[in-house]
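# no sequence on this one, just coordinates:
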Ligand code: CS2
């Protein structure tokens with residue numbers, strides 16, 4: 001067997017015969033961006049755009065230093081370090097075509113759990129112009145129903161008491177911005193890349209709440225000087241599987257641990273206000289717009305919510321992947337009806353975007369048979385996702401007198417999922433959620449009190465007091481607990497609308 005080529009800087013000339021590789025001089029790159037949360041999505045999205053830009057324009061001042069705030073990030077750091085911080089991006093087209101490229105934009109990686117001060121110093125370094133974040137929906141630490149910063153989080157308490165050795169992102173941003181102010185450096189931009197509506201505004205609000213408690217003068221300076229552009233980010237990025245690592249070996253003769261796979265589609269719409277310069281990402285496909293609001297709402301309420309609809313209903317039905325679910329005619333019909341009847345009426349118009357075409361394209365993207373996006377990934381951390389993806393749509397439809405059937409069945413399914421954790425065939429579902437125990441406890445109470453699940457106030461706010469919603473929800477939960485045949489209920493909703 002031919003020897004495998006290791007993914008390393010020194011092997012780039014050999015690798016370049018097999019796939020697109022960085023053509024820029026990585027040794028001259030500087031970390032203009034410090035990125036917190038280097039998972040699959042950052043690697044298929046911001047790091048990809050930045051690599052493309054460095055290839056095209058030699059923008060060497062915009063390299064990325066990755067930061068991991070959790071012990072769980074050690075594995076990624078170790079693997080990337082071993083590969084001189086490079087990895088392979090495997091783009092899988094629906095027709096089976098595969099494109100691979102080595103991404104070289106990440107040039108360093110720090111773990112704050114080892115030494116928080118090095119991370120603070122890196123963010124406070126003159127070269128750093130942007131601190132970007134992919135910290136997941138839950139990482140923003142706001143109460144889903146009230147939108148306020150949750151000070152009772154023990155890590156927040158720790159960070160307030162220990163400004164020099166924080167654990168959470170807000171503690172790091174505060175310490176680094178303080179240092180920059182005190183040394184007379186301009187602030188960096190704080191750029192959120194998560195699926196949270198108004199992600200920049202929310203980041204600002206959370207940071208100011210935290211810093212306001214710790215150091216009101218600094219909060220004032222941040223409020224007046226730091227930019228937090230809102231952005232819509234999009235690229236479906238499933239969990240990497242051993243088959244992907246194997247594909248690199250067998251089809252390309254490359255040994256690279258932890259490649260990232262994704263769909264060909266990629267979108268990034270960003271508000272153009274930055275505190276300290278920015279990469280010309282528009283040269284490689286990003287869009288800069290004055291107001292991202294309509295784009296982000298459209299994406300979260302159609303794509304992400306659509307994922308959750310397929311994820312929860314599909315898990316109970318016994319589907320395992322998004323393409324498996326969306327190629328089931330009943331699920332495809334239900335998804336489209338949810339989008340048309342419940343999600344679309346509460347969207348704002350997006351100039352230049354044909355919503356019908358956008359929805360068609362979503363269904364096509366979900367159907368990509370080579371992505372194999374697992375429903376387990378879609379359903380993980382549902383407690384942080386559903387309030388923003390789906391419950392917001394229910395609330396807006398309740399206020400406007402719109403339809404709520406399609407989404408309500410998803411909440412009823414979520415209750416059964418959290419209670420029993422089983423598919424219709426009795427297979428155990430792998431539930432990963434920071435609130436898993438609370439969800440389970442509340443759902444378990446359903447047989448005694450049908451509204452028990454809805455009493456999780458941090459998730460549902462005061463929905464439990466809405467008569468129209470609770471009436472419908474009670475009926476659906478009752479029917480589902482009698483017979484967990486979700487398809488029957490989906491059909492019933494479809495025929496009555
Ligand atoms: C998914 C997203 O996490 C989820 O539930 O909907 O990860 C989705 O795949 C991305 O936002 C696509 O851009």
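Everything's here; your move. Just so it is clear, the structure is predicted and the values come from calculations on it, not from any experiment.

# just checking, residue 441 is part of a helix?
Yes - counting by DSSP: H, G, I helix; E, B strand; the rest coil, residue 441 is part of a helix.

# give me the number of residues near residue 81?
Per other CB atoms under 10 Å, the neighbour tally for residue 81 reads 11. Where you see a C-beta, it was placed from the backbone N, CA and C, and this is true even at glycine.

# do the same with residue 70
11.

# May I have the secondary structure class of the residue nearest to it when sequence neighbours are not counted?
Leaving aside its sequence neighbours, residue 70 sits nearest to residue 113 (CB to CB, 6 or more residues apart in numbering; 6.9 Å). Assigned with three-state DSSP, residue 113 falls in the coil class.

# which other residues reach the helix or strand harbouring residue 219?
Taking DSSP states H and E as the criterion, residue 219 maps to helix 216-225. Helix 216-225 is contacted by residues 174, 177, 178, 181, 186, 187, 204, 207, 208, 211, 212, 275 when judged by CB atoms under 8 Å, 6 or more residues apart in numbering.

# If we use 7 Å, what do you get?
By CB atoms under 7 Å, 6 or more residues apart in numbering, the residues outside helix 216-225 that reach it are 174, 177, 178, 181, 187, 207, 208, 211, 212, 275.

# Among these, which pair sits farthest apart?
212 and 275 (19.4 Å; CB to CB).

# name the element the residue of the stretch 351-497 of the chain found nearest the ligand belongs to?
Sorted by distance to the ligand under CB to the nearest ligand atom, the residues of the stretch 351-497 of the chain start with residue 378, at 4.7 Å. Per DSSP H and E, residue 378 falls inside helix 375-379.

# what separates the helix or strand that that helix is followed by from the chain centre, distance-wise?
Going down the chain from helix 375-379, the next helix or strand is helix 382-386, by DSSP H and E. The chain centre lies 11 Å from the centre of helix 382-386; the measure is CA atoms, centre = their mean, to the nearest Å.

# How about residues contacting the helix or strand that comes right after helix 382-386?
Downstream of helix 382-386, the first helix or strand assigned by DSSP H and E is helix 392-400. Applying CB under 7 Å, 6+ apart, the contact partners of helix 392-400 are 301, 305, 342, 343, 346, 403, 404, 407, 408, 466, 468, 469.

# at 10 Å what do you get?
144-145, 197, 297, 300-302, 305, 338, 341-347, 386-387, 402-408, 410-411, 460-463, 466, 468-469, 473 (CB atoms under 10 Å, 6 or more residues apart in numbering).

# Can you list the buried residues in it?
392, 393, 394, 395, 396, 397 (16 or more other CB atoms under 10 Å).

# one step back: list buried residues within the contacts of helix 392-400.
144-145, 197, 297, 300-302, 305, 338, 341-344, 346-347, 386-387, 403-408, 410-411, 460-461, 463, 466, 469, 473.

# show me the contacts for the closest residue to the ligand within the stretch 151-300 of the chain.
Closest approach of the stretch 151-300 of the chain to the ligand (CB to the nearest ligand atom) occurs at residue 234, with a separation of 3.9 Å. Residue 234 makes contact with 41, 45, 195, 263, 265-269, 295-296, 299-300, 303-304, 365 under the criterion CB under 10 Å, 6+ apart.

# so which of these comes closest to residue 283?
Among those, residue 268 lies closest to residue 283 (CB to CB), at 12.5 Å.

# quick one, what contacts the nearest residue to the closest one once chain neighbours are set aside?
Leaving aside its sequence neighbours, residue 268 sits nearest to residue 286 (CB to CB, 6+ apart; 4.2 Å). Contacts of residue 286 were listed using CB under 10 Å, 6+ apart, and they are 45-46, 49, 52-53, 231, 233, 266-270, 278-280.

# Spatially, what comes nearest to residue 135 if we skip its sequence neighbours?
residue 37 (4.8 Å).

# these two touch, right, the one you found and residue 66?
Yes - here residue 37 lies in contact with residue 66, judged by CB atoms under 10 Å, at a distance of 8.5 Å.

# Need the overlap of contacts for these two.
residue 73.

# The two: who's more crowded?
Counted by other CB under 10 Å, residue 37 and residue 66 do not tie: residue 66 has more neighbours, with 25 against 21.

# So that one lies in a helix, does it not?
No - checked against three-state DSSP, residue 66 lies outside a helix; its state is strand.

# That one bridge partners, please.
residue 35, residue 109 (DSSP bridges).

# For it, list the residues it contacts.
Contacts of residue 66 by CB under 10 Å, 6+ apart are 31, 33-38, 42-43, 47, 73, 76-77, 80, 85, 106-111.

# and the closest residue to the ligand within the stretch 1-150 of the chain, how far is that from residue 383?
Minimum separation of the stretch 1-150 of the chain from the ligand (CB to the nearest ligand atom) falls at residue 41, amounting to 6.6 Å. Using CB to CB, to the nearest Å, residue 41 is found at 19 Å from residue 383.

# same check, this time on residue 357
Taking CB to CB, one finds residue 357 at 33 Å from residue 383.

# These two: which is more packed in?
residue 383 (21 against 9).

# follow-up on the earlier one: who are the neighbours in contact with the residue nearest to residue 135?
Contacts of residue 37 (CB under 10 Å, 6+ apart): 66-70, 73, 132-136, 139, 169, 193-194.

# Just those: which are in strands?
66, 67, 68, 132, 133 (DSSP state E).

# Relative to residue 229, how far out is residue 132?
10 Å.

# Tell me the residues that contact both of the two, please.
189, 190, 191, 192.

# Run a quick check on residue 421 versus residue 436, I expect a contact.
Yes - the criterion here is CB under 10 Å, and residue 421 meets it with residue 436 at 9.4 Å.

# Tell me how far the closest residue to residue 2 other than its chain neighbours lies from residue 194.
Nearest residue to residue 2 in three dimensions, chain neighbours excluded: residue 253, at 5.9 Å (CB to CB, 6+ apart). Per CB to CB, residue 253 is found 36 Å from residue 194.

# Show me what the helix holding residue 378 is packed against.
Judged by 3 or more CB pairs under 10 Å, 6 or more residues apart in numbering; DSSP states H and E, the packing partners of helix 375-379 are helix 305-317, helix 322-326, helix 382-386.

# Give me the angle between the longest one and helix 392-400.
I take that to be helix 305-317. Interaxial angle of helix 305-317 relative to helix 392-400 (axes from the mean of the first three to the mean of the last three CA atoms, to 10 degrees): 110 degrees.

# which other helices and strands contact helix 305-317?
helix 322-326, helix 329-337, helix 355-366, helix 375-379, helix 382-386, helix 405-420, helix 486-496.

# can I get those helices in TSV with mean pLDDT?
As requested, the helices and strands packed on helix 305-317 are arranged in TSV below (pLDDT from 0 to 100):
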stretch	mean pLDDT
helix 322-326	98
helix 329-337	98
helix 355-366	97
helix 375-379	96
helix 382-386	95
helix 405-420	97
helix 486-496	97
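
# Select, out of these, the one closest to residue 428.
Judging the helices and strands packed on helix 305-317 by CB to CB, what sits closest to residue 428 is helix 405-420, at 9.5 Å.

# is that closest one anywhere near the ligand?
No - judged by CB under 6 Å from any ligand atom, helix 405-420 makes no contact with the ligand; its nearest approach is 12.7 Å.
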